[in-house]
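1. Predicted coordinates and the sequence they were generated for:
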Amino acid sequence: MNLILKIVAVAAIFLGEALSIIAELIASRRFGKAGGDLAMLLPMFFLISFGGMLLVFGYALGYMHLKNIWIIVAISVGAILVVEPILTLLLFRDVPTAGSLIGLMFGAIGTLAAIFL
């Protein structure tokens, strides 16, 4: 049961970060195309709010079962380093630079080290 709750916490952190990043990327793309129409930002506000709730839930559940906030922070930062370049590639079709790929690799390695070590 404890392992399942740890997995749920990590999944909530990754999903919360992903939803927040998606909202940021879509809002920046649409806001630029719409010429600054603030009405289109409302759906992104709700999406990022839900992502924030998942992050808070993931942090709380993770800290409750992992007993170390640094592991949770490393998972969250690793999620950002892994998810953001992938979503940017999918949404903007922009090829990452060498530095971005190196950051992606280190983010993946750091996240795995935080989870398993």
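-> Structure received. This one's a predicted model, so the numbers in the text were calculated from it and none came from an experiment. Residues are numbered from 1 along each chain as shown.
2. For the rest of this, base every contact and every neighbour count on C-alpha atoms.
-> Will do.
3. For stretch 28-42, give the mean pLDDT please.
-> Stretch 28-42 shows a mean pLDDT of 74.
4. Please, where are all the helices along this protein?
-> 2-33, 41-66, 69-92, 98-116 (DSSP state H).
5. Out of these, point me to the one whose mean pLDDT is lowest.
-> Of all the helices of the chain, helix 98-116 has the smallest average pLDDT, which comes to a mean of 80.
6. residues of that one that come out buried?
-> By neighbour count with 16 or more other C-alpha atoms under 10 Å, helix 98-116 contains the buried residues Gly103, Leu104, Gly107, Ala108, Gly110, Thr111, Ala114, Ile115.
7. ok, now how distant is the residue most central in space within the chain from Ala74?
-> Nearest to the mean C-alpha position of the chain, by C-alpha atoms, centre = their mean, lies Glu17 at 2.2 Å. Distance from Glu17 to Ala74, counting by C-alpha to C-alpha, to the nearest Å: 13 Å.
8. for Leu41, same thing?
-> 30 Å.
9. Now that the residue nearest to the centre of the chain has come up, it's in contact with Gly51, right?
-> Yes - under the criterion of C-alpha atoms under 8 Å, Glu17 makes contact with Gly51 at 6.4 Å.
10. Would you reformat the buried residues of helix 98-116 as CSV and include distance to Phe31?
-> What follows is the buried residues of helix 98-116, written out as CSV (distance: C-alpha to C-alpha, whole Å):
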residue, distance to Phe31
Gly103, 28
Leu104, 27
Gly107, 29
Ala108, 31
Gly110, 34
Thr111, 32
Ala114, 36
Ile115, 37
